[in-house]
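*Asks:* Need a 3D model of the following:
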Amino acid sequence: MAIHPSAIVDPAARIHPEAEIGPFCVIGPEVEIGARTRLMAHIYMEGPTWIAEDNLFYPYASVGVASQDLKYHGERAETRIGSRNRIREFVTIHRGTEGGGALTSIGDDNLLMAYAHIAHDARVGSHCILGNATTLAGHVTIEDYAIVEAFSGVHQFCRIGRHAVVGGYSVLTQDVLPFSMTVTPRESRLFGANKVGLKRRGFDPEIVDALNKCFRLLTSESLNTSQAIEAIREQVPASEEVDELIEFIRTGKRGFIK
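*Replies:* Okay, here's the model as predicted:
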């Protein structure tokens, strides 16, 4: 394995022979790093942390460090990161806490841009993009293919659904619906389906149109949420995506952004 002489690697860490540890990295015990994962320089990692294959960590990222939650008192908690992620400069990823399942997890093929923050017990799926300085509070869930643009903040326990896009500088205090496009110029607003993103990912135009009709009903001033869902079931052709949207609303605890 390629470990720079200036790096400090605890003997209890498990580094795959094909991994690369660059200058001035510090790797603590109970850190496991998979094949072809590269730490460029000045990366700090604490365990228990598991990192899979083909990841690239840019300088000054911190991974697996203790939570900023004042309820955290050093209990054992973990960080798990999948494969083929790009973790840019100064990204911070905190391990979980007992109160949140003791796990912070990141899936595969994500791009975390510079200064992004992943707090304790957050769950980031796969194929997501978090823009520069995006901040996830504790217990946040980001589902697959979601994009959160730069300088956005997400409140504790909020969820961002699959294929959703959140515009830059947004402040999210409620859930973001899957397949949607949402931004907060002064207050959070839903602007309809993520048409461009869904088209790029091969969604049928009829599905996109159906989702857009769902969002029009959900944001109608004349309908409350229950009435809007009833109208969706009556007026919109059934599909897996429409069912997913309704289930996302049904299982929410903080409400969703209209």
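*Asks:* So which residues of the stretch 101-250 of the chain form strands?
*Replies:* In the stretch 101-250 of the chain, the segments counted as strands under DSSP state E, counting those that start in this stretch are 103-106, 111-112, 117-118, 123-124, 129-130, 135-136, 141-142, 147-148, 153-154, 159-160, 165-166, 171-172, 180-183, 189-193.
*Asks:* where are the low-confidence patches of the protein?
*Replies:* 1, 185-188 (pLDDT under 70).
*Asks:* ok, 90 please
*Replies:* Judged against pLDDT under 90, the low-scoring parts of the chain cover residues 1, 47, 71, 99, 183-193, 220-221, 257-258.
*Asks:* quick one: the helices in it?
*Replies:* 195-200, 205-218, 225-235, 240-251 (DSSP state H).
*Asks:* Quick test: name the residue nearest the centre of the chain.
*Replies:* Nearest residue to the geometric centre of the chain (CA atoms, centre = their mean): Val124, 3.0 Å.
*Asks:* For beta bridges, what are the partners of that residue?
*Replies:* Each beta-bridge partner of Val124 is listed here, defined by DSSP bridges: Ile106, Ile142.
*Asks:* how near is it to Gly107?
*Replies:* In this structure, Val124 lies at 6 Å from Gly107, with CB to CB, to the nearest Å as the measure. C-beta here means a position set from N, CA and C on the backbone, and glycine is covered the same way.
*Asks:* ok now do Lys71, which residues does it touch?
*Replies:* Thr97, Gly99 (CB atoms under 8 Å, 6 or more residues apart in numbering).
*Asks:* Check Ala119 too.
*Replies:* Ser67, Gln68, Asp69, His94, Thr104, Thr135, Leu136, Ala137, Gly138, Val140.
*Asks:* Tally up the residues packed near Leu190, please.
*Replies:* Other residues near Leu190 number 19, with proximity taken as other CB atoms under 10 Å.
*Asks:* residue contacts, it?
*Replies:* Leu177, Ser180, Met181, Thr182, Phe215, Leu218, Thr219, Ile257, Lys258.
*Asks:* Beta-bridge partners for the third one, please?
*Replies:* Pointing back at Met181 there. With beta bridges defined as DSSP bridges, Met181 has these partners: Val165.
*Asks:* Let me have the contacts of Leu190 in CSV, extended by neighbour count.
*Replies:* Formatted as CSV, the entries for the contacts of Leu190 read as follows, by neighbours: other CB atoms under 10 Å:
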residue, neighbour count
Leu177, 28
Ser180, 26
Met181, 23
Thr182, 27
Phe215, 21
Leu218, 23
Thr219, 15
Ile257, 24
Lys258, 16
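*Asks:* Just the closest of those residues to Glu234, please.
*Replies:* Minimum separation from Glu234 among the contacts of Leu190 (CB to CB) is found for Leu218, which lies at 13.9 Å.
*Asks:* these two touch, right, the closest one and Ser226?
*Replies:* No. Checked against CB atoms under 8 Å, the pair Leu218 and Ser226 is beyond contact range at 11.0 Å.
*Asks:* circling back: in contact with the residue nearest to the centre of the chain, which residues are there?
*Replies:* The contact partners of Val124, by CB under 8 Å, 6+ apart, come to Ser105, Ile106, Gly107, Asn110, Ile118, Leu130, Leu136, Ile142.
*Asks:* how does it look with 7 Å?
*Replies:* Neighbouring residues of Val124 by CB atoms under 7 Å, 6 or more residues apart in numbering: Ile106, Gly107, Asn110, Ile118, Ile142.
*Asks:* these two touch, right, the first one and Gly82?
*Replies:* It refers to Ile106. Yes. In this structure, Ile106 is within contact of Gly82 by CB atoms under 7 Å, at 6.3 Å.
*Asks:* between these two, who's got more neighbours?
*Replies:* Between Ile106 and Gly82, counted using other CB under 10 Å, the more crowded position is Ile106 (26 against 21).
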